[in-house]
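Asker: I'll drop the sequence and a predicted model, then ask my questions.
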Amino acid sequence: VAPFDAGGYPVFCGDLRETFPGWWQSRRYGAVLIVADDNTLRDCRPVFLEKSGLPPGLPVALLPAGEVHKTLTSAEAVWKVMLEARLDRRALVVNLGGGVVGDLGGFCAATWKRGVDFVQAPTTLLAMTDASIGGKLGIDFQGIKNAVGVFRNPVAVFADPDFLDTLPEAERRSGLAEVIKHALIGEPALWARLQGEGLSRLAAGPAFPPGLLEASIAVKLRIVREDPQEEGLRALLNYGHTVGHALESFFLNSERPQSHGAAVGTGLVVESYLAWGPGARTAEVASAVLEVFGRRPVPEAAFARLWELMEQDKKNRDGLVRAAVPGEEPFSLRWIGLSRGGLESGLRFYNLLR
Ligand SMILES: NC(=O)c1ccc[n+]([C@@H]2O[C@H](COP(=O)([O-])OP(=O)(O)OC[C@H]3O[C@@H](n4cnc5c(N)ncnc54)[C@H](O)[C@@H]3O)[C@@H](O)[C@H]2O)c1
Ligand SMILES: [Zn+2]
């Protein structure tokens, strides 16, 4: 399996058996430490060890699963394990998990002794197509997502779709939002294929048709290669996320929090409506999002708070709330200014979809 070039490091997509051993033999590492969470320790570590050929006794730094544990406390626990395992600069850290393990384990590796090598072995759809690529690492701090972190690239990424077999369906659906986003910003052929495969079937799983993962990864790769430090084009990856993040925060403390993907799905619809109005382009996005996530109306009582949340978005410039949406050509970026009235009409448009 030939890897993608992420601008200095390989991204392998396919069976680990065919990708990892060859890569491993070309490197000379001392100790190896696996970072995992409860679920990936149980479901993914056996698969990883069996396929990679690494010995079963490797030390593991274990995190409790979930975004609430993407904290300094967890990072400290990982550094402690690194200390106990006497990891030196010749060591390799393997982050085996979703975006939480990848961001936090990568952050710990990047800061340990001023940086030891790490590989990302993503096990969620979101981590395979999005979080494991691009070198952004970090932890949440004082309730602020990704408040502390660094840019540092892994030495390799190994995305093996077999890990998706044990991924809970809700996580799979959530990750599909990024796949849809990637198709819309850069890959009309992927977009056509997603619609052809039937998004509700893809969401239900379990099998994930070959080629889809690669196509989605290729979009993220091209963007981070062109804009590694997030100075311009990379903002396009935020399509759906200006409104989506506000919704995710808003529902976070409700009885029924919303998945990142479902919130971004609604965000994709609302931002499309604001960019292009209610025409065919928006209708296509809306029907894809409804197929994967269904519709969860946004209560009118939430509109004011959502606007407040969006006013705090870090992409804003000069007090203007703005969102990044695709331009006419693939991989082109267009900024749109948002107003409170606009947001409200977009949310009402979404609420009335059927
Ligand atoms: N670095 C980046 O560029 C980037 C980009 C997007 C998102 N992120 C970050 O990614 C995080 C979200 O990642 P996520 O959605 O992967 O969440 P996650 O890492 O919390 O994983 C979701 C859940 O699935 C479980 N799980 C993971 N793989 C499994 C498998 N194969 N089988 C069974 N269970 C499995 C996990 O234990 C967890 O409970 C956020 O913290 C976000 O900030 C980072
Ligand atoms: Zn996202």
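Answerer: Okay, I see it. Ligands and ions are numbered 1, 2, ... in the order given.
Asker: ok, which residues in the protein are in contact with ligand 1?
Answerer: Those residues of the chain that sit near ligand 1, judged by CB under 6 Å from any ligand atom, are 37, 39-40, 43-44, 65-67, 70, 97-101, 103, 123-124, 126-127, 130-131, 134, 136, 145-146, 163, 166-167, 171. For every residue, glycine as well, the C-beta is placed using N, CA and C.
Asker: Pull out the buried members of those.
Answerer: Neighbour-count burial (16 or more other CB atoms under 10 Å) applied to these gives 37, 39-40, 44, 65, 70, 97-101, 103, 123-124, 126-127, 130-131, 134, 136, 163, 167, 171.
Asker: Do I have it right that residue 246 meets residue 303?
Answerer: No - between residue 246 and residue 303 there is no contact under CB atoms under 8 Å: 10.3 Å.
Asker: Between the two, which has more neighbouring residues?
Answerer: residue 246 (27 against 15; other CB atoms under 10 Å).
Asker: Need the pLDDT of the closest residue to the more buried one other than its chain neighbours.
Answerer: Excluding the flanking residues, the one nearest residue 246 by CB to CB, 6 or more residues apart in numbering is residue 309, at 3.9 Å. For residue 309, the model assigns a pLDDT of 94.
Asker: what's the helix or strand where residue 309 lies in contact with?
Answerer: Using DSSP states H and E, residue 309 falls within helix 303-311. When contacts are defined by CB atoms under 8 Å, 6 or more residues apart in numbering, helix 303-311 is touched by residues 242-243, 245-247, 249-250, 298, 321, 338, 340, 343-344, 347.
Asker: Same question for stretch 337-352.
Answerer: 242-243, 266, 269-271, 273-274, 278, 286, 295, 297-298, 303, 306-307, 310, 320-323.
Asker: Can you tell me which of those residues are buried?
Answerer: By 16+ other CB under 10 Å, those give 242-243, 266, 269-271, 273-274, 286, 295, 298, 306-307, 310, 321-323 as buried.
Asker: that older thread, just how off-centre is the helix holding residue 309 within its chain?
Answerer: Counting by CA atoms, centre = their mean, to the nearest Å, helix 303-311 is centred 24 Å from the centre of its parent chain.
Asker: I'd like the next helix or strand past it.
Answerer: Assigned by DSSP H and E, the successor of helix 303-311 is strand 321-326.
Asker: Using PDB, write down the CA coordinates of that following strand.
Answerer: Presented in PDB, the C-alpha positions along strand 321-326 are these (Å, rounded to 0.1, in the frame of the first residue of the first chain):
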ATOM      1  CA  VAL A 321     -18.800  37.200  12.900                       C
ATOM      2  CA  ARG A 322     -17.800  35.200   9.900                       C
ATOM      3  CA  ALA A 323     -17.900  31.700   8.500                       C
ATOM      4  CA  ALA A 324     -15.700  29.900   5.900                       C
ATOM      5  CA  VAL A 325     -17.600  28.300   3.100                       C
ATOM      6  CA  PRO A 326     -16.500  26.700  -0.200                       C
END
